[in-house]
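Undergrad: okay, structure incoming, though there's no sequence with it:
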(Lines give C-alpha, C1' and ligand atoms only; values in the text may rest on other atoms or scores of the structure.)
Protein backbone atom coordinates (compact mmCIF):
# COMPACT_ATOMS: atom_id res chain seq x y z
CA UNK A 1 0.00 0.00 0.00
CA UNK A 2 2.87 2.37 0.76
CA UNK A 3 4.27 1.85 -2.73
CA UNK A 4 0.90 2.55 -4.37
CA UNK A 5 0.33 5.60 -2.17
CA UNK A 6 3.63 7.05 -3.38
CA UNK A 7 2.06 7.43 -6.83
CA UNK A 8 -1.70 7.60 -6.28
CA UNK A 9 -4.25 8.88 -3.79
CA UNK A 10 -5.51 5.67 -2.19
CA UNK A 11 -8.95 5.00 -0.77
CA UNK A 12 -9.56 1.69 0.97
CA UNK A 13 -12.37 -0.64 1.93
CA UNK A 14 -11.44 -2.66 5.01
CA UNK A 15 -13.40 -4.90 7.39
CA UNK A 16 -12.12 -2.95 10.42
CA UNK A 17 -11.12 0.56 11.34
CA UNK A 18 -7.78 1.50 9.82
CA UNK A 19 -4.59 0.94 11.81
CA UNK A 20 -1.23 0.92 9.99
CA UNK A 21 -2.99 1.82 6.73
CA UNK A 22 -4.04 5.27 7.95
CA UNK A 23 -0.92 7.13 6.80
CA UNK A 24 -1.28 5.73 3.28
CA UNK A 25 -4.95 6.48 2.48
CA UNK A 26 -6.98 9.64 1.96
CA UNK A 27 -10.36 8.07 2.71
CA UNK A 28 -11.89 4.72 3.59
CA UNK A 29 -15.07 2.77 4.28
CA UNK A 30 -15.51 -0.03 6.79
CA UNK A 31 -17.32 -2.99 5.21
CA UNK A 32 -16.95 -6.76 4.95
CA UNK A 33 -15.44 -7.20 1.47
CA UNK A 34 -16.43 -10.88 1.46
CA UNK A 35 -20.08 -9.79 1.43
CA UNK A 36 -20.57 -8.34 -2.03
CA UNK A 37 -23.56 -6.17 -1.10
CA UNK A 38 -21.45 -4.49 1.59
CA UNK A 39 -18.49 -4.12 -0.77
CA UNK A 40 -20.72 -2.60 -3.44
CA UNK A 41 -22.28 -0.10 -1.04
CA UNK A 42 -18.86 0.92 0.26
CA UNK A 43 -17.51 1.29 -3.27
CA UNK A 44 -20.46 3.46 -4.29
CA UNK A 45 -20.02 5.63 -1.18
CA UNK A 46 -16.35 6.24 -1.94
CA UNK A 47 -17.06 6.86 -5.63
CA UNK A 48 -19.56 9.54 -4.61
CA UNK A 49 -16.77 11.39 -2.79
CA UNK A 50 -13.79 10.77 -5.11
CA UNK A 51 -13.15 10.13 -8.81
CA UNK A 52 -12.02 6.48 -8.88
CA UNK A 53 -9.47 5.51 -11.53
CA UNK A 54 -9.02 1.83 -10.66
CA UNK A 55 -9.78 -0.95 -8.18
CA UNK A 56 -7.44 -3.73 -7.07
CA UNK A 57 -6.83 -6.28 -4.33
CA UNK A 58 -3.92 -8.44 -3.19
CA UNK A 59 -6.32 -10.99 -1.68
CA UNK A 60 -6.98 -14.19 -3.63
CA UNK A 61 -10.52 -14.86 -2.28
CA UNK A 62 -11.54 -11.28 -3.17
CA UNK A 63 -10.51 -11.35 -6.83
CA UNK A 64 -14.01 -12.04 -8.15
CA UNK A 65 -15.73 -9.48 -5.91
CA UNK A 66 -13.13 -6.88 -6.84
CA UNK A 67 -13.73 -7.47 -10.55
CA UNK A 68 -17.49 -7.22 -10.04
CA UNK A 69 -17.08 -3.95 -8.15
CA UNK A 70 -14.90 -2.52 -10.93
CA UNK A 71 -17.46 -3.60 -13.53
CA UNK A 72 -20.23 -1.92 -11.55
CA UNK A 73 -18.24 1.33 -11.33
CA UNK A 74 -17.43 1.23 -15.04
CA UNK A 75 -13.67 0.79 -14.47
CA UNK A 76 -11.01 -1.24 -16.24
CA UNK A 77 -10.89 -4.85 -15.10
CA UNK A 78 -10.68 -8.41 -16.20
CA UNK A 79 -14.26 -9.71 -16.39
CA UNK A 80 -15.49 -11.32 -13.19
CA UNK A 81 -16.06 -14.54 -15.17
CA UNK A 82 -12.34 -14.63 -16.00
CA UNK A 83 -11.42 -14.22 -12.36
CA UNK A 84 -13.87 -17.00 -11.49
CA UNK A 85 -11.98 -19.30 -13.86
CA UNK A 86 -8.72 -18.39 -12.10
CA UNK A 87 -10.23 -19.08 -8.69
CA UNK A 88 -11.84 -22.37 -9.78
CA UNK A 89 -9.00 -24.85 -10.36
CA UNK A 90 -11.33 -27.22 -12.22
CA UNK A 91 -12.22 -24.49 -14.71
CA UNK A 92 -8.53 -23.60 -14.99
CA UNK A 93 -7.59 -27.19 -15.86
CA UNK A 94 -10.33 -27.41 -18.52
CA UNK A 95 -9.19 -24.19 -20.19
CA UNK A 96 -5.52 -25.17 -20.08
CA UNK A 97 -6.34 -28.54 -21.65
CA UNK A 98 -8.50 -26.90 -24.34
CA UNK A 99 -5.60 -24.61 -25.28
CA UNK A 100 -2.98 -27.39 -25.03
CA UNK A 101 -1.04 -25.70 -22.25
CA UNK A 102 1.01 -28.31 -20.33
CA UNK A 103 -0.71 -28.97 -17.01
CA UNK A 104 -1.81 -31.91 -14.85
CA UNK A 105 -4.41 -34.52 -15.60
CA UNK A 106 -7.34 -33.71 -13.33
CA UNK A 107 -10.95 -34.46 -12.55
CA UNK A 108 -13.66 -33.23 -10.21
CA UNK A 109 -15.12 -35.82 -7.82
CA UNK A 110 -18.11 -35.78 -5.48
CA UNK A 111 -17.19 -38.50 -2.99
CA UNK A 112 -14.57 -41.01 -1.91
CA UNK A 113 -15.80 -43.66 -4.37
CA UNK A 114 -15.37 -41.34 -7.34
CA UNK A 115 -11.99 -40.27 -5.98
CA UNK A 116 -10.91 -43.91 -5.71
CA UNK A 117 -11.91 -44.68 -9.30
CA UNK A 118 -10.21 -41.61 -10.75
CA UNK A 119 -7.06 -42.11 -8.66
CA UNK A 120 -6.72 -45.65 -10.00
CA UNK A 121 -7.20 -44.35 -13.53
CA UNK A 122 -4.60 -41.58 -13.18
CA UNK A 123 -2.19 -43.71 -11.17
CA UNK A 124 -0.52 -43.05 -7.82
CA UNK A 125 0.87 -40.81 -6.52
CA UNK A 126 -2.00 -38.36 -6.97
CA UNK A 127 -2.92 -35.03 -5.40
CA UNK A 128 -6.24 -34.21 -3.75
CA UNK A 129 -7.05 -30.50 -3.62
CA UNK A 130 -10.03 -28.21 -3.09
CA UNK A 131 -10.95 -26.56 -6.38
CA UNK A 132 -11.75 -23.19 -4.86
CA UNK A 133 -9.30 -22.61 -2.03
CA UNK A 134 -5.94 -20.80 -1.86
CA UNK A 135 -2.72 -21.03 0.15
CA UNK A 136 -2.46 -24.85 -0.24
CA UNK A 137 -5.47 -25.30 2.07
CA UNK A 138 -6.62 -28.91 1.91
CA UNK A 139 -3.96 -29.96 -0.63
CA UNK A 140 -2.31 -33.34 -0.01
CA UNK A 141 -0.25 -35.88 -1.96
CA UNK A 142 -1.51 -39.46 -1.76
CA UNK A 143 1.00 -42.19 -2.51
CA UNK A 144 -1.24 -45.26 -2.37
CA UNK A 145 -4.85 -46.38 -2.08
CA UNK A 146 -4.51 -47.19 1.64
CA UNK A 147 -4.01 -43.48 2.40
CA UNK A 148 -6.81 -42.21 0.18
CA UNK A 149 -9.69 -42.23 2.69
CA UNK A 150 -7.86 -40.13 5.26
CA UNK A 151 -6.60 -37.77 2.57
CA UNK A 152 -10.12 -37.42 1.21
CA UNK A 153 -11.38 -36.28 4.61
CA UNK A 154 -8.55 -33.71 4.79
CA UNK A 155 -9.23 -32.30 1.32
CA UNK A 156 -13.00 -32.26 1.70
CA UNK A 157 -12.72 -30.46 5.04
CA UNK A 158 -10.41 -27.88 3.46
CA UNK A 159 -12.82 -27.38 0.58
CA UNK A 160 -15.57 -26.46 3.02
CA UNK A 161 -13.61 -23.79 4.90
CA UNK A 162 -14.48 -20.12 4.64
CA UNK A 163 -13.02 -18.17 1.72
CA UNK A 164 -13.36 -20.88 -0.88
CA UNK A 165 -14.86 -20.19 -4.30
CA UNK A 166 -16.71 -23.54 -4.10
CA UNK A 167 -16.60 -26.83 -2.19
CA UNK A 168 -15.46 -29.07 -5.03
CA UNK A 169 -12.54 -31.50 -4.68
CA UNK A 170 -10.16 -32.49 -7.48
CA UNK A 171 -8.11 -35.62 -8.03
CA UNK A 172 -4.98 -34.69 -9.97
CA UNK A 173 -1.87 -36.24 -11.40
CA UNK A 174 1.11 -35.56 -9.14
CA UNK A 175 3.69 -33.42 -10.91
CA UNK A 176 7.26 -34.30 -9.96
CA UNK A 177 10.17 -31.88 -9.84
CA UNK A 178 11.00 -28.48 -8.28
CA UNK A 179 8.23 -25.92 -7.88
CA UNK A 180 8.56 -22.38 -9.20
CA UNK A 181 6.36 -19.41 -9.96
CA UNK A 182 6.58 -16.95 -12.81
CA UNK A 183 5.71 -13.37 -11.92
CA UNK A 184 3.97 -11.76 -14.88
CA UNK A 185 2.65 -8.37 -15.99
CA UNK A 186 -0.14 -8.33 -18.60
CA UNK A 187 -1.57 -5.31 -20.41
CA UNK A 188 -3.92 -5.35 -23.41
CA UNK A 189 -3.43 -9.12 -23.64
CA UNK A 190 0.34 -8.97 -23.90
CA UNK A 191 2.23 -10.73 -21.08
CA UNK A 192 5.74 -9.87 -19.94
CA UNK A 193 7.32 -12.35 -17.52
CA UNK A 194 9.44 -10.27 -15.14
CA UNK A 195 10.86 -12.84 -12.70
CA UNK A 196 10.97 -16.50 -11.78
CA UNK A 197 10.67 -17.49 -8.12
CA UNK A 198 12.28 -20.70 -6.86
CA UNK A 199 10.26 -22.23 -4.02
CA UNK A 200 10.99 -24.39 -1.00
CA UNK A 201 8.26 -26.71 0.26
CA UNK A 202 7.92 -28.59 3.52
CA UNK A 203 5.63 -30.70 5.68
CA UNK A 204 5.14 -33.53 3.15
CA UNK A 205 2.69 -34.87 2.06
CA UNK A 206 1.28 -31.34 2.32
CA UNK A 207 2.49 -28.45 0.18
CA UNK A 208 3.45 -25.78 2.70
CA UNK A 209 5.68 -23.09 1.16
CA UNK A 210 8.61 -22.39 3.48
CA UNK A 211 10.76 -20.05 1.40
CA UNK A 212 11.34 -18.31 -1.94
CA UNK A 213 14.29 -16.90 -3.89
CA UNK A 214 14.44 -14.62 -6.92
CA UNK A 215 17.55 -14.06 -9.05
CA UNK A 216 17.26 -11.35 -11.71
CA UNK A 217 19.75 -13.29 -13.85
CA UNK A 218 17.94 -16.64 -13.61
CA UNK A 219 18.26 -18.20 -17.08
CA UNK A 220 15.15 -20.32 -16.41
CA UNK A 221 12.93 -17.28 -17.02
CA UNK A 222 13.39 -17.47 -20.80
CA UNK A 223 12.28 -21.13 -20.81
CA UNK A 224 9.17 -20.80 -18.65
CA UNK A 225 7.94 -17.36 -19.76
CA UNK A 226 6.17 -18.62 -22.91
CA UNK A 227 4.36 -21.33 -20.96
CA UNK A 228 3.19 -18.83 -18.34
CA UNK A 229 2.01 -16.46 -21.08
CA UNK A 230 0.13 -19.28 -22.81
CA UNK A 231 -1.66 -20.15 -19.56
CA UNK A 232 -2.65 -16.52 -19.03
CA UNK A 233 -4.04 -16.30 -22.59
CA UNK A 234 -5.93 -19.57 -22.13
CA UNK A 235 -7.75 -18.10 -19.15
CA UNK A 236 -8.66 -14.94 -21.05
CA UNK A 237 -6.74 -12.58 -18.77
CA UNK A 238 -6.22 -9.21 -20.45
CA UNK A 239 -4.56 -7.13 -17.73
CA UNK A 240 -2.97 -7.17 -14.29
CA UNK A 241 -0.32 -9.04 -12.32
CA UNK A 242 -0.24 -12.84 -12.44
CA UNK A 243 1.54 -15.31 -10.18
CA UNK A 244 1.80 -18.48 -12.29
CA UNK A 245 2.83 -21.61 -10.40
CA UNK A 246 4.39 -24.57 -12.18
CA UNK A 247 6.55 -27.64 -11.67
CA UNK A 248 9.73 -28.43 -13.58
CA UNK A 249 8.86 -32.05 -14.37
CA UNK A 250 10.87 -34.65 -16.24
CA UNK A 251 8.64 -33.96 -19.26
CA UNK A 252 9.13 -30.19 -19.03
CA UNK A 253 7.50 -27.26 -17.16
CA UNK A 254 3.81 -27.82 -16.38
CA UNK A 255 1.25 -25.46 -14.90
CA UNK A 256 -0.08 -25.93 -11.37
CA UNK A 257 -2.32 -22.85 -11.27
CA UNK A 258 -2.66 -19.24 -12.35
CA UNK A 259 -3.29 -16.61 -9.66
CA UNK A 260 -4.56 -13.22 -10.82
CA UNK A 261 -2.63 -11.22 -8.25
CA UNK A 262 0.83 -10.58 -6.80
CA UNK A 263 2.37 -13.64 -5.16
CA UNK A 264 2.14 -13.83 -1.37
CA UNK A 265 4.92 -14.39 1.16
CA UNK A 266 6.60 -11.09 0.20
CA UNK A 267 7.36 -12.34 -3.32
CA UNK A 268 6.61 -8.85 -4.63
CA UNK A 269 9.16 -7.46 -2.19
CA UNK A 270 11.96 -9.84 -3.17
CA UNK A 271 11.21 -9.22 -6.86
CA UNK A 272 11.76 -5.53 -6.19
CA UNK A 273 15.00 -6.16 -4.30
CA UNK A 274 16.30 -8.36 -7.13
CA UNK A 275 15.08 -6.46 -10.20
CA UNK A 276 13.97 -3.01 -9.06
CA UNK A 277 10.47 -3.67 -10.44
CA UNK A 278 7.72 -2.41 -8.13
CA UNK A 279 4.86 -4.90 -8.57
CA UNK A 280 2.32 -3.08 -6.33
CA UNK A 281 2.93 0.16 -8.25
CA UNK A 282 2.70 -1.74 -11.55
CA UNK A 283 -0.58 -3.33 -10.42
CA UNK A 284 -1.99 0.12 -9.62
CA UNK A 285 -0.82 1.48 -12.98
CA UNK A 286 -2.57 -1.36 -14.80
CA UNK A 287 -5.78 -0.93 -12.78
CA UNK A 288 -5.80 2.76 -13.71
CA UNK A 289 -5.04 2.18 -17.39
CA UNK A 290 -1.49 3.56 -17.27
CA UNK A 291 1.37 1.83 -19.07
CA UNK A 292 3.80 0.68 -16.34
CA UNK A 293 7.56 1.08 -16.40
CA UNK A 294 9.03 -2.43 -16.77
CA UNK A 295 12.68 -1.45 -17.07
CA UNK A 296 14.87 -3.29 -14.57
CA UNK A 297 17.06 -1.13 -12.38
CA UNK A 298 18.78 -3.93 -10.46
CA UNK A 299 20.50 -7.21 -11.31
CA UNK A 300 20.62 -8.85 -7.90
CA UNK A 301 19.02 -11.71 -5.95
CA UNK A 302 16.88 -11.91 -2.82
CA UNK A 303 15.18 -14.55 -0.73
CA UNK A 304 12.71 -15.01 2.09
CA UNK A 305 12.52 -17.75 4.72
CA UNK A 306 9.21 -18.36 6.52
CA UNK A 307 9.80 -19.33 10.13
CA UNK A 308 8.09 -22.39 11.62
CA UNK A 309 8.82 -23.79 15.09
CA UNK A 310 9.61 -27.46 15.56
CA UNK A 311 6.22 -28.31 17.00
CA UNK A 312 2.76 -26.87 17.59
CA UNK A 313 2.10 -25.08 20.85
CA UNK A 314 2.31 -21.74 22.62
CA UNK A 315 4.97 -19.39 21.30
CA UNK A 316 7.16 -18.49 24.28
CA UNK A 317 10.05 -16.74 22.52
CA UNK A 318 10.89 -15.38 19.10
CA UNK A 319 14.02 -13.35 18.53
CA UNK A 320 16.93 -12.61 16.26
CA UNK A 321 20.37 -11.76 17.59
CA UNK A 322 20.33 -7.95 17.64
CA UNK A 323 24.09 -7.61 17.25
CA UNK A 324 23.98 -9.80 14.13
CA UNK A 325 21.04 -7.84 12.72
CA UNK A 326 22.71 -4.47 13.37
CA UNK A 327 25.97 -5.40 11.62
CA UNK A 328 24.45 -7.27 8.65
CA UNK A 329 23.53 -4.96 5.76
CA UNK A 330 22.26 -7.82 3.59
CA UNK A 331 19.58 -8.72 6.18
CA UNK A 332 16.84 -6.65 4.61
CA UNK A 333 13.89 -7.44 6.87
CA UNK A 334 12.84 -9.41 9.92
CA UNK A 335 9.10 -9.56 10.52
CA UNK A 336 7.28 -11.36 13.32
CA UNK A 337 3.87 -12.81 12.53
CA UNK A 338 3.25 -14.56 15.84
CA UNK A 339 3.43 -12.87 19.23
CA UNK A 340 4.58 -14.45 22.48
CA UNK A 341 1.55 -16.23 23.88
CA UNK A 342 0.05 -17.02 20.46
CA UNK A 343 -0.87 -20.57 19.54
CA UNK A 344 1.20 -21.94 16.66
CA UNK A 345 -0.50 -24.82 14.84
CA UNK A 346 1.60 -26.67 12.26
CA UNK A 347 0.21 -28.70 9.34
CA UNK A 348 -1.88 -30.71 8.98
CA UNK A 349 -4.04 -29.15 11.70
CA UNK A 350 -2.88 -25.59 10.92
CA UNK A 351 -2.41 -23.56 7.75
CA UNK A 352 -0.24 -20.55 6.87
CA UNK A 353 -2.38 -18.24 8.99
CA UNK A 354 -1.52 -20.04 12.23
CA UNK A 355 1.64 -22.04 11.48
CA UNK A 356 4.20 -19.30 10.91
CA UNK A 357 5.99 -17.36 13.62
CA UNK A 358 7.76 -14.88 11.33
CA UNK A 359 10.02 -14.40 8.34
CA UNK A 360 13.27 -12.81 7.25
CA UNK A 361 14.56 -11.49 3.93
CA UNK A 362 18.14 -11.36 2.67
CA UNK A 363 19.82 -10.01 -0.46
CA UNK A 364 22.89 -11.04 -2.45
CA UNK A 365 24.56 -10.76 -5.82
CA UNK A 366 23.21 -14.15 -6.98
CA UNK A 367 21.00 -17.02 -5.85
CA UNK A 368 23.88 -19.04 -4.40
CA UNK A 369 24.93 -16.15 -2.17
CA UNK A 370 21.31 -15.64 -1.08
CA UNK A 371 21.00 -19.31 -0.10
CA UNK A 372 24.23 -19.05 1.86
CA UNK A 373 22.97 -15.96 3.68
CA UNK A 374 19.55 -17.45 4.39
CA UNK A 375 21.32 -20.37 6.10
CA UNK A 376 23.64 -18.01 7.95
CA UNK A 377 20.76 -15.87 9.24
CA UNK A 378 18.91 -18.98 10.43
CA UNK A 379 21.71 -19.59 12.95
CA UNK A 380 20.81 -16.31 14.67
CA UNK A 381 17.05 -16.88 14.96
CA UNK A 382 15.45 -18.32 18.10
CA UNK A 383 11.95 -19.78 18.24
CA UNK A 384 10.67 -21.46 21.41
CA UNK A 385 7.30 -23.16 21.82
CA UNK A 386 5.61 -24.83 24.77
CA UNK A 387 4.16 -27.91 23.06
CA UNK A 388 0.42 -28.34 23.17
CA UNK A 389 -0.91 -31.50 24.76
CA UNK A 390 -1.21 -34.12 22.03
CA UNK A 391 0.41 -31.91 19.40
CA UNK A 392 0.92 -33.79 16.14
CA UNK A 393 2.33 -31.07 13.90
CA UNK A 394 5.95 -31.56 12.95
CA UNK A 395 8.58 -29.21 11.58
CA UNK A 396 9.40 -29.13 7.88
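TA: Perfect, I can see it now. Predicted model, so just to flag it, every value in this text is computed and none were measured.

Undergrad: all helices for the stretch 201-350 of the chain, in order.
TA: 220-234, 267-275, 279-287, 322-326 (DSSP state H, counting those that start in this stretch).

Undergrad: so which of those is the most packed in?
TA: Mean neighbour count (mean count of other CB atoms under 10 Å) peaks for helix 267-275 among the helices of the stretch 201-350 of the chain, with a mean of 25. Placement of C-beta: from N, CA and C, glycine included.

Undergrad: what packs against that helix?
TA: Contact analysis of helix 267-275 by 3 or more CB pairs under 8 Å, 6 or more residues apart in numbering; DSSP states H and E lists strand 179-187, strand 190-202, strand 208-215, helix 279-287, strand 301-307, strand 358-364 as its packing neighbours.

Undergrad: could you check the angle the longest one makes with strand 301-307?
TA: Put plainly, it is strand 190-202. Relative orientation of strand 190-202 versus strand 301-307 (axes from the mean of the first three to the mean of the last three CA atoms, to 10 degrees): 40 degrees.

Undergrad: parallel or antiparallel, which strands does strand 190-202 pair with?
TA: Strand 190-202 has the following strand partners under DSSP bridges: strand 179-187 (antiparallel), strand 208-215 (antiparallel).

Undergrad: most packed of the ones you listed?
TA: strand 208-215 (a mean of 24).

Undergrad: how far off centre is it?
TA: 11 Å (CA atoms, centre = their mean, to the nearest Å).

Undergrad: so how many other residues sit close to residue 207?
TA: Residue 207 has 20 neighbours, counted by other CB atoms under 10 Å.

Undergrad: residues in contact with residue 178?
TA: 198-199, 247-248 (CB atoms under 8 Å, 6 or more residues apart in numbering).

Undergrad: can you pull out the helices in the stretch 1-150 of the chain?
TA: 2-5, 36-49, 63-72, 80-87, 89-98, 112-122, 148-159.

Undergrad: okay if I get these as JSON lines plus mean neighbour count, distance to residue 193 and mean pLDDT?
TA: What follows is those, written out as JSON lines (neighbours: other CB atoms under 10 Å; distance: least, CB to CB, whole Å; pLDDT from 0 to 100):
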{"stretch": "helix 2-5", "mean neighbour count": "17", "distance to residue 193": "21", "mean pLDDT": "91"}
{"stretch": "helix 36-49", "mean neighbour count": "16", "distance to residue 193": "31", "mean pLDDT": "97"}
{"stretch": "helix 63-72", "mean neighbour count": "22", "distance to residue 193": "20", "mean pLDDT": "97"}
{"stretch": "helix 80-87", "mean neighbour count": "21", "distance to residue 193": "17", "mean pLDDT": "96"}
{"stretch": "helix 89-98", "mean neighbour count": "20", "distance to residue 193": "17", "mean pLDDT": "97"}
{"stretch": "helix 112-122", "mean neighbour count": "16", "distance to residue 193": "30", "mean pLDDT": "97"}
{"stretch": "helix 148-159", "mean neighbour count": "19", "distance to residue 193": "30", "mean pLDDT": "94"}
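
Undergrad: so which of those helices comes closest to residue 105?
TA: Evaluated with CB to CB, these place helix 112-122 nearest to residue 105, the distance being 5.6 Å.

Undergrad: now the angle between helix 148-159 and the closest one, please.
TA: Going by the same axes, to 10 degrees, helix 112-122 makes 110 degrees with helix 148-159.
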